[in-house]
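1. Test case, fold it:
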Amino acid sequence: MKIYYEETQYLPKTIIAILVGFGLALTAFQFGVWFNNGWQNFLPKAGILVLLYLILWSIFMIFRQKTTITEQFIKIQYTPFQNRIIPLERIASMDLINHIGILGYGVRKTDNGWSYNISAKQGVFLKSIVNKKLIIGSLRNKELLAAITQALAHSNKAKAQA
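-> Residues are numbered from 1 along each chain as shown. I've put the predicted structure just below:
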């Protein structure tokens, strides 16, 4: 099976930095409250908080979106949550979208259908033959659109020859 396009995106470093900064500020505040109550209460609670913080931080580090275009389908893997496969023959139209919106990260339902986006402010808008809509966020939206167009042309050509 030929792969026309593949892109992996990760959670932006600025979002991770904000989460880390907020977590550190909250941790420092909580440490101050516990420290004022004495060492006996401070150490066990501090260890639990640090462990919980490290677990949450590592979960945010594994968030990624992988988009793959083949001659048969578009596959969106949104780790650790969801996979979606869209057969190419179900695509009726597509277009570039240059601004997905403020806080447009995540998998969510919008006015333009489902949106899959982890780090881009641009993407490709797809409309299916049954009028379902979908936005795929991409850092290389023009290349993604070209790959879908090429895969569709190849798929249609193969059907015509069969």
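
2. contacts and neighbour counts: CA atoms only from here.
-> OK.

3. For the most centrally placed residue in the chain, list the residues it contacts.
-> The chain has residue 118 as the residue nearest its centroid, 3.0 Å off, counting by C-alpha atoms, centre = their mean. Residues in contact with residue 118 (C-alpha atoms under 8 Å, 6 or more residues apart in numbering) are 9-12, 64-65, 104-106, 137.

4. Next one: it, what pLDDT does it get?
-> Note on residue 118: pLDDT of 85.

5. For it, grab phi and psi.
-> With angles defined as degrees, to the nearest 10, residue 118 sits at phi -120, psi -30.

6. Could you list which residues are in contact with the closest residue to it other than its chain neighbours?
-> Spatial nearest neighbour of residue 118, chain neighbours left out: residue 105 (4.8 Å); criterion: C-alpha to C-alpha, 6 or more residues apart in numbering. Residue 105 makes contact with 116-120, according to C-alpha under 8 Å, 6+ apart.

7. And the strands in this protein, which stretches?
-> 3-10, 64-70, 73-79, 82-87, 91-97, 106-110, 113-117, 123-128, 133-137 (DSSP state E).
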